[in-house]
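build me a model from this:
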Amino acid sequence: MEGIISFGNKRSYEDFKKQIPIPVLPLFDSIREFCFSLGDKVIEDIRMHRVVFCKSMTFRWFVDVEPEREGVIIKIQKGRKDPIQTIQVKIDQEISEINQTIKNAFEKIH
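Below is the predicted model:
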């Protein structure tokens, strides 16, 4: 059972990228770059099967991105009491509207 549980061994995005299907990688990278463009308070938390973006050290997450075979699943949280919005995005889909929703969540989350 050695190596199954990790305490403090944070995965890097470079390690995580290896599990993203190659056709999905440009879409995933685009969403990741957009999240970082929102400001220097954005923190990336690499998890086993997804990447979560949080606002500052309070770790209030505003977007959760999980790769799939033909796209990504994005979960967006605007506040603790607001329902989580789940969006499935395909590789060739336009994401400007989704980026605006992510930006709104970033601005609204405390």
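
so after the longest strand seen in the chain, what's the next helix or strand?
Across the chain, the longest stretch assigned as strand under DSSP state E is strand 60-67. Note on strand 60-67: by DSSP states H and E, the next helix or strand toward the C-terminus is strand 71-76.

quick one: that following strand to strand 60-67, angle?
Going by axes from the mean of the first three to the mean of the last three Cα atoms, to 10 degrees, strand 71-76 is angled at 170 degrees with respect to strand 60-67.

hang on, the earlier thing: name every strand pairing with the longest strand of the chain and say which way it goes.
strand 51-55 (antiparallel), strand 71-76 (antiparallel) (DSSP bridges).

worst average pLDDT in these?
Per-stretch mean pLDDT for these is lowest at strand 51-55 (a mean of 94).

which residues touch that strand?
Residues outside strand 51-55 that contact it (Cβ atoms under 8 Å, 6 or more residues apart in numbering) are 13, 16, 32, 35, 41-45, 60-66, 106, 109. (Glycine included, C-beta is placed from N, CA and C.)

please tell me how far it is from the chain's geometric centre.
Per Cα atoms, centre = their mean, to the nearest Å, the displacement of strand 51-55 from the mean C-alpha position of its chain is 6 Å.
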